[in-house]
Structure formats: structure tokens, C-alpha cells
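*Asks:* give me a model of this one.
(chains A and B)
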2 protein chains.
Amino acid sequence: MKAPITSLSNPTIKNLVKLRQHRERAKQGMLLIDGARALRVALRNDFPVSAVYFSQAATDKQADLLRNVQDAGGNLQPVTPAVFRKISYAEHPDGLLGVAPCPYATLADLPTTNKPLYLVVERLEKPGNLGAILRSADAAGATALVLCDGRTDLWNPNVIRASQGACFAVPVAVATAEGALLWLHHGAVQIIAAAPLAPRSYYEIDLRLPSALVLGAEQDGLTSVWRDETRVCIPMAGQLDSLNVAQTASILLFEAVRQRVNSAPGRPAT
Amino acid sequence: MKAPITSLSNPTIKNLVKLRQHRERAKQGMLLIDGARALRVALRNDFPVSAVYFSQAATDKQADLLRNVQDAGGNLQPVTPAVFRKISYAEHPDGLLGVAPCPYATLADLPTTNKPLYLVVERLEKPGNLGAILRSADAAGATALVLCDGRTDLWNPNVIRASQGACFAVPVAVATAEGALLWLHHGAVQIIAAAPLAPRSYYEIDLRLPSALVLGAEQDGLTSVWRDETRVCIPMAGQLDSLNVAQTASILLFEAVRQRVNSAPGRPAT
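*Replies:* Down below sits the predicted model:
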């Protein structure tokens, strides 16, 4: 076992704090994974964890996790509790912080499947929303998420935290909206764009077909790239005029799940 | 027009900051409404706004809102920009902060309707989740929300903010779980409790009937009060084992909306 890092001004420690910034992640090509829950999802999905920094508190409880990291070729580096408090950004730090290379997959990297269910999000701004959407995409068994013209980085620590690690479970491609549109058309995937003022409700669409659900930005909605595609609304009965984008994603994704369960292709949805 | 309050140590100003704390709200029976959006929803629902503190920036843009407050008998009190920065807790303060009495309705105060759709939440902890749930309840046209054994105060400023004012649009009763159960039984309302391990999926239930959707706490789920009620799950296809409680609420509420739209009672849901 290595000796623990004890100094708050250790250059490695200072660098871990820097990696919270997008600029530094882009420059170094590394990301942070804070906490056992997200680390376990990353490891289960063969995400190459380069190193885990851990405080004594985590050693016993997370011995199997630390062993897995080591078996996969990752470094284990103990740190003092004070050093861990400095490097962790979690609300309730559990004594484990991983570092891994930052992959940005493209559309060509996404898994192909017979009856895909893609979620496409355009120009999202809030890391918490992207994280929540990833969690819903995982729960619904979506084929992949396509992040178009993201104004929040996929590997923002708050995305990873809010997703509870679902960012490592759901395949994610980074693309332009134009590129995503062409790719979906080429793959004969029906495009269903969520627009508050659309005349059709989302549940009128047969989502058992290969489908991509497209969601726009929190404030501005969809760009004109999607103007010729099928638009659907979530019918609103209340006084407020919009739903949060993460709630919208959940509602659309689970309508697709409902239609697809117990319903062979070609049979009407019940 | 009154003279603006200029002093950060003005006792009224100091008291407005105190009202962010639950203890002070309980003692004084007053709550804060930060920002024009929430204030407009409150006024539209005849919520008795006692006073609005505003900075010059808001005067022109929100002249109609200020007039409405005054017409309804509320006081208007200008403050300097520095004072406003002190009293606002909003992420993007817009120069308006209202104060109003804190009502806590009971089950007996809730509107009665033919085919109610209640949402019951038990022991919720996070203000952001309660706010998001209120927003979804408004969007879905839920009859009312029942807040059981709340570990977060309905009038927490973060609930009001996250709900975007939906807390003033949706009728909310505060109750014990036992009280809510008795009340629902008495009203012949079917109780559908969300439990991750339930064998039935939520969409197998006829939600066109008078229904109450019951959700448990973020970590612990439902208490045993609901043990004899119908339990449903949201089928999970992914690697993570649970959905956020606000996502769950949206999925269940909008399944009820889907079933109820274009579907007369007695006809099978399509």
C-alpha cells in the first residue's frame, strides 16, 4: 500500500480540484468520478478508471471496489481525511474519488439495434437536468442518448453526480443537431420532437417503431433544425406553461416503454 | 409612493432574511415569494400577498403586478438595489419579493370532485423534489397534493422556487399518513402506491377511477401505513435501481392523464 498523501498543496491534489473545470478536463482529457455508486457503475461498464484516491474511511466498506480498480490496472492512492475533503465535490463524500480518461463518442460509435429508442437533447444548459435525463434514459432502457450542441459538458461533475453514474451505463454520443438529424434519417428512425404548442399528443404516436425523442433547451426549446419533423406536446392542464425538460424526457421515454412492453411490433398499442 | 428602505440593518429587512428559516416562518406565520413568476401565480389564485418589496429595476417591467398587489390591499415598499440583494434568495433576482401569510390547509379544505386524481407524498426530504412534484401536479391537472409527515416545509423558499409558483396553483393539504389513508378510504378513492419491487406495472391500473397516487421518501420509500394498498412499480430496464421521486410522480400522473383523455369512464383505456 502506498503512503497516504497528506499535503493539501500536493500538485496531484491541486490538479484533481482543477479537473472540476471544463477547460482543464478538455486540456487534460481526464474526468472525475466521485463516490462509490458512480464508480461501481463505471467499472461495471468497463470504463477505464486510471486511479482512485481514497480516505481511510472507505477502505473497509469499499474493499471489493478498490480491488476491482486494481485488477483493472488502476492505481490506488490513499489520502488523509483532510485531503479527501479538499478533492471531493460530493454532497455526502464517501471517501472515494476516481479519475478516468474523458471519452466523447460519436454517432458512429453508438450500438445498433433492431428497434432503437434514442433520446436526443439539444443545447441543454443545466448539468442537473442532463444528469436526471441520463438516469431516466437508463431506467427506460433507452438505446443511447445523443447530446447535440451541448452547452453543458457531458463530464461536468454535476452531470455525473445527478446521473448517479447512469452516464457510464447509457451510451452517449456528442454531435451537432444537423449531424444527428442526417444520421437518424439515414437509419430510418422516426423523429418525434417535443414542442409545447404541437397539436398532437405524444401518446398518439406509435413509439414501438424505431424512434428518436428530441428535446430542446430549457428556455429556448428546439432549434429550427427539427422544423420538418413530427412534433408532439404533453397536454398541459395547469396554470404553468411548461414542464421541466427532465420531467418531459421521463414522460416520453416511459410512454415508449409502456407501448413496447407486451406489444409485438405490428400489434396496436394497448 | 413610500420612500425606499436604504439600510441593510433595517429591522423589517433583517426579518425578511429570517423568514427563510422554517422556525421563523412557523413563529410568524409568514412566507416569502421571490420573483414575479411565483407572485403572479399567487395573485391569480387569490393568495393574500401582504406586501411586496421591490427595487427600482422592477417598477417599469412589473407595473401591472404591483398595481394588482395594491388593489388587493397589499403594501408596496421600495428598497434600494443593495437592500434587495440582501432580501432575495433567487438565483436570478428580478427585483420583487412578496410576503404573505402561511396557510396550511387540511384534508377537509381540499376541493371535492367527481373523479379526483390526488398525489400523496410521504416524508419527502428535498425541497427541490417537492417543488418539481408540484409543477408536475399542476401540469397534469391533479386535484390536489397531500403532504404527509413532511420533512420539508411546504413553504420552504426552495419549494416555492422549484415549483415556479405551482405551490399556489395546486391545492395542498398537510396530513399524517394515517389520516390521509382514512380520508381516501372514506372517499372511496383507489390508492395506488409506488413501490420499486411491486409485481404490477403502473399502466395495468385503471386510473380513470377516483385515484390517489402515493409516493414515499427519497431514500426509505413508503412506510408500512400503505402496506395493504395496491402497489405498482415502474418497470426498470437499466442498471440503476431507482428513479428520482419527482420523475416517478410525472410518469404516474401523465399515465393517468393519458388514460383519462378521450376515454369516458367505463370504456377501456386505449
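*Asks:* so the nearest residue to A:G74 once chain neighbours are set aside: helix, strand or coil?
*Replies:* Excluding the flanking residues, the one nearest A:G74 by Cβ to Cβ, 6 or more residues apart in numbering or on different chains is A:V49, at 4.7 Å. To be clear about C-beta, it is placed using only N, CA and C from the backbone, and glycine gets the same treatment. Following DSSP: H, G, I helix; E, B strand; the rest coil, the label given to A:V49 is coil.
*Asks:* count the neighbours of A:V49 for me.
*Replies:* For A:V49, the neighbour count with other Cβ atoms under 10 Å in any protein chain shown is 22.
*Asks:* show me the contacts for it.
*Replies:* Residues near A:V49 by Cβ atoms under 8 Å, 6 or more residues apart in numbering or on different chains: A:I33, A:L39, A:A42, A:L43, A:V69, A:A72, A:G74, A:G98, A:V99, A:A100.
*Asks:* which ones are touching the last one?
*Replies:* Contact criterion Cβ under 8 Å, 6+ apart gives A:M30, A:L31, A:I33, A:A42, A:F47, A:P48, A:V49, A:S50 as the residues in contact with A:A100.
*Asks:* circling back: and the residue nearest to A:G74, how far from chain B?
*Replies:* Noted for A:V49: a distance of 16 Å to chain B, by Cβ to the nearest Cβ, to the nearest Å.
*Asks:* pLDDT score for that residue?
*Replies:* With respect to pLDDT, A:V49 scores 96.
*Asks:* A:P265 now?
*Replies:* Reported pLDDT for A:P265: 46.
*Asks:* now do A:Q56
*Replies:* pLDDT at A:Q56 comes out at 85.
*Asks:* can you list phi and psi of A:L119 for me?
*Replies:* phi -120, psi 130 (degrees, to the nearest 10).
*Asks:* residues contacting it?
*Replies:* Contacts of A:L119 (Cβ under 8 Å, 6+ apart): A:I133, A:A137, A:A142, A:A144, A:L145, A:V146, A:A212, A:L213, A:L215, A:A249, A:L253.
*Asks:* so which residues of chain A form strands?
*Replies:* Under the criterion DSSP state E, strands of chain A are mapped to A:30-34, A:51-55, A:75-79, A:96-101, A:117-122, A:144-148, A:172-175, A:190-194, A:211-215, A:230-232.
*Asks:* against which helices or strands is the shortest one packed?
*Replies:* What that stands for is strand A:230-232. Here strand A:230-232 touches strand A:190-194, going by 3 or more Cβ pairs under 8 Å, 6 or more residues apart in numbering or on different chains; DSSP states H and E.
*Asks:* now for the closest residue to A:P235 other than its chain neighbours, how many residues are close by?
*Replies:* Setting aside the residues directly before and after it, A:P235 is nearest to A:S201 in space (Cβ to Cβ, 6+ apart), at 5.3 Å. A:S201 is flanked by 16 other residues according to other Cβ under 10 Å.
*Asks:* now swap in A:A3 and tell me
*Replies:* With other Cβ under 10 Å as criterion, A:A3 counts 7.
*Asks:* test my guess that it contacts A:P78.
*Replies:* Yes: in this structure, A:A3 is within contact of A:P78 by Cβ atoms under 8 Å, at 7.5 Å.
*Asks:* wait, what's in contact with the residue lying closest to A:P111 once chain neighbours are set aside?
*Replies:* Excluding the flanking residues, the one nearest A:P111 by Cβ to Cβ, 6+ apart is A:P171, at 5.8 Å. Counting by Cβ under 8 Å, 6+ apart, A:P171 touches A:A105, A:D109, A:L110, A:P111, A:T143, A:A144, A:L145.
*Asks:* so the fourth one is in contact with A:T143, correct?
*Replies:* Yes: the pair A:P111 and A:T143 passes the contact test of Cβ under 8 Å, sitting 6.4 Å apart.
*Asks:* of the two, which one has the most company?
*Replies:* A:T143 (21 against 8).
*Asks:* count of residues packed around the closest residue to that one other than its chain neighbours?
*Replies:* Among residues not flanking A:T143 along the chain, A:P116 sits closest, at 4.1 Å (Cβ to Cβ, 6+ apart). Residues lying near A:P116 (other Cβ under 10 Å) number 18.
*Asks:* how about A:P116, what does it touch?
*Replies:* If you count contacts by Cβ under 8 Å, 6+ apart, then A:P116 has A:T143, A:A144, A:G187, A:V189, A:P210, A:S211, A:A212 around it.
*Asks:* list the helices and strands the worst-scoring helix or strand of chain A on mean pLDDT packs on?
*Replies:* When the helices and strands of chain A are scored by mean pLDDT, DSSP states H and E, helix A:56-61 comes last with a mean of 84. With contacts defined as 3+ Cβ pairs under 8 Å, 6+ apart, helix A:56-61 has no helix or strand neighbours.
*Asks:* ignoring the adjacent residues along the chain, who's closest to the residue in the stretch 51-200 of chain A that chain B sits nearest to?
*Replies:* Nearest residue of the stretch 51-200 of chain A to chain B (Cβ to the nearest Cβ) works out as A:G141 at 2.7 Å. Counting by Cβ to Cβ, 6+ apart, A:G141 lies nearest to B:A237, which is 2.7 Å off, once chain neighbours are set aside.
*Asks:* does the one you found really touch A:V257, like I thought?
*Replies:* Yes: look at B:A237 against A:V257 with Cβ under 8 Å: they come within range, at 7.1 Å.
*Asks:* quick one, which of the two is more surrounded?
*Replies:* Taking other Cβ under 10 Å, B:A237 and A:V257 do not tie; A:V257 has more neighbours (21 against 14).
*Asks:* show me what contacts the residue in the stretch 151-270 of chain A that chain B sits nearest to?
*Replies:* When scored by Cβ to the nearest Cβ, the stretch 151-270 of chain A has A:A237 as its residue closest to chain B, at 2.8 Å. By Cβ under 8 Å, 6+ apart, the contact set of A:A237 is B:A139, B:A140, B:G141, B:V257.
*Asks:* pLDDT added to those, as JSON lines?
*Replies:* Output for the contacts of A:A237, formatted as JSON lines (pLDDT from 0 to 100):
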{"residue": "B:A139", "pLDDT": "97"}
{"residue": "B:A140", "pLDDT": "97"}
{"residue": "B:G141", "pLDDT": "97"}
{"residue": "B:V257", "pLDDT": "97"}
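*Asks:* filter the residues you listed down to the buried ones, ChimeraX style.
*Replies:* What follows is the ChimeraX syntax selecting those of these that are buried according to 16 or more other Cβ atoms under 10 Å in any protein chain shown:
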select /B:139,140,141,257
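*Asks:* with the contacts of A:A237 in mind, which one is nearest to chain A?
*Replies:* The closest of the contacts of A:A237, once distances to chain A are taken by Cβ to the nearest Cβ, is B:G141, at 2.8 Å.
*Asks:* I'd like to know how far the closest one sits from B:R227.
*Replies:* For B:G141, the distance to B:R227 equals 30 Å [Cβ to Cβ, to the nearest Å].
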